[in-house]
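Q: Here you go, sequence then predicted model.
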Amino acid sequence: MAVKIILILLLFSVHLGNAQKVLDVECQSVVGVVEENTTIPCTFKLPPEYNDVIINEATIKRWTPPLFYINYNDNVVKGDPRIILPSRTDPSLLFTNTTVSDEGEYEYELQTSRGVIKSTTFSLRVTAEFSPPVINSWPEGIKADVAPVLYCNTSGGYPAGSIHWFNNNGVPVTEKATLEITERDDKLLTMSSKLTLNVNDLIWEAFLCFVLNSSFRDEGLTSFYEAEETGFSVVGKISFTLQPTDYLELECQSAVGVIGENTTIPCSFSSFQGDEDIIIYSLWIMSNFWIGTYQRGSQ
């Protein structure tokens with residue numbers, strides 16, 4: 001009888017040890033786009049013989065109580081319905097209809113057919129593009145003896161970016177502007193830049209508003225000019241990083257092109273000194289100057 005009891009206890013101990021074995025899962029931090037679905041890639045870190053893992057429970061924590069919980073054995077689902085665990089064999093997650101409120105740090109816990117998964121963390125950053133900028137003036141009609149105020153407005157973006165101003169000779173005048181950033185009910189942002197001019201500035205007649213996102217990539221530009229024969233003629237755009245107050249001068253040589261053939265316009269940065277490469281992200285080519293964003297050094 002004693003031999004039988006010892007054997008049963010040994011078998012029970014082995015079974016309990018396997019059930020409580022702690023395994024690992026690893027998730028990548030990602031950047032999601034507002035109103036789009038965002039996948040959080042996750043993978044099991046398991047021994048080769050564990051090729052049949054089935055997820056029984058999953059918990060996602062951000063605050064208390066848990067943000068999301070699912071128990072497949074008891075058919076229980078609680079929390080944010082936008083969070084989906086698409087497969088019981090793949091720990092990757094799906095955030096549907098991503099919002100700004102989803103941005104933050106998360107803790108992820110799993111229980112599986114092979115044991116408890118050690119909790120892991122991941123972060124979700126959120127972005128949204130700003131709308132094309134619009135310029136308004138006060139007063140509405142530019143008068144020769146009145147210093148006007150120009151407003152450049154853009155909305156619906158996240159996180160906050162910046163707005164830059166240039167006159168129609170490509171000279172930056174952002175130092176004369178003030179930027180106001182406000183949060184909408186949906187936590188997306190509105191940016192409004194107020195450019196205060198003096199009467200002498202009217203000789204330029206045209207001004208350009210250039211919107212950059214938080215990564216200093218351009219999200220649009222627009223122009224304001226009073227005289228019809230004056231303004232900005234956009235020749236084309238090339239897809240270019242910018243130190244926020246660092247402006248370069250671009251010199252281009254005149255060239256003769258042949259119809260039906262490709263024509264190269266040799267250009268160089270005349271005011272740049274250093275051994276680093278210049279990586280152009282976006283470049284707006286105007287009739288009499290260029291504007292864009294760049295980065296020094298490799299990515």
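A: Happy to help now that I have it.

Q: Send me stretch 157-170 as PDB with only the CA atoms.
A: Presented in PDB, the C-alpha positions along stretch 157-170 are these (Å, rounded to 0.1, in the frame of the first residue of the first chain):
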ATOM      1  CA  GLY A 157      -3.400  65.900 -36.600                       C
ATOM      2  CA  TYR A 158      -1.500  64.300 -33.800                       C
ATOM      3  CA  PRO A 159       1.000  64.800 -32.200                       C
ATOM      4  CA  ALA A 160       1.700  68.500 -32.400                       C
ATOM      5  CA  GLY A 161       3.900  69.800 -35.200                       C
ATOM      6  CA  SER A 162       5.000  73.300 -36.400                       C
ATOM      7  CA  ILE A 163       4.100  75.900 -38.900                       C
ATOM      8  CA  HIS A 164       6.700  77.900 -40.900                       C
ATOM      9  CA  TRP A 165       6.300  81.100 -43.000                       C
ATOM     10  CA  PHE A 166       8.200  82.300 -46.000                       C
ATOM     11  CA  ASN A 167       7.800  85.300 -48.300                       C
ATOM     12  CA  ASN A 168       7.700  85.000 -52.000                       C
ATOM     13  CA  ASN A 169      11.500  85.300 -52.200                       C
ATOM     14  CA  GLY A 170      11.900  82.200 -50.000                       C
END
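
Q: According to the record, where do the domains of the protein fall?
A: Listed domain ranges for the chain are 21-127, 134-296 (source: automatic domain parsing).

Q: Now render the ones you listed as a markdown table, adding mean neighbour count.
A: Yep, even glycine has a C-beta here, placed from its N, CA and C like the rest. Listed next are those as a markdown table, based on neighbours: other CB atoms under 10 Å:
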| stretch | mean neighbour count |
| --- | --- |
| domain 21-127 | 15 |
| domain 134-296 | 15 |
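
Q: I'd like the ones you listed written out as TSV, with mean pLDDT added.
A: Below are the domains of the chain laid out as TSV (pLDDT from 0 to 100):
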stretch	mean pLDDT
domain 21-127	92
domain 134-296	69
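
Q: Which residues does the host helix or strand of R125 contact?
A: In the assignment (DSSP states H and E), R125 maps to strand 115-127. Here strand 115-127 makes contact (CB atoms under 8 Å, 6 or more residues apart in numbering) with 18-34, 38, 40, 42, 44, 91, 95, 98-100, 102-111, 158-159, 213-214.

Q: Strands along the stretch 101-250 of the chain, start to end?
A: Remark: strands assigned in the stretch 101-250 of the chain by DSSP state E, counting those that start in this stretch are 104-112, 115-127, 134-138, 149-157, 162-167, 177-183, 189-196, 206-212, 218-225, 234-238, 250-252.

Q: Serialize the ones you listed to CSV and add fields for distance to E49.
A: Shown next, in CSV, are the strands of the stretch 101-250 of the chain (distance: least, CB to CB, whole Å):
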stretch, distance to E49
strand 104-112, 14
strand 115-127, 13
strand 134-138, 62
strand 149-157, 49
strand 162-167, 54
strand 177-183, 52
strand 189-196, 51
strand 206-212, 52
strand 218-225, 51
strand 234-238, 54
strand 250-252, 61
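
Q: so which of these comes closest to I54?
A: strand 104-112 (6.1 Å; CB to CB).

Q: Report the inter-axis angle for the closest one versus strand 115-127.
A: 160 degrees (axes from the mean of the first three to the mean of the last three CA atoms, to 10 degrees).
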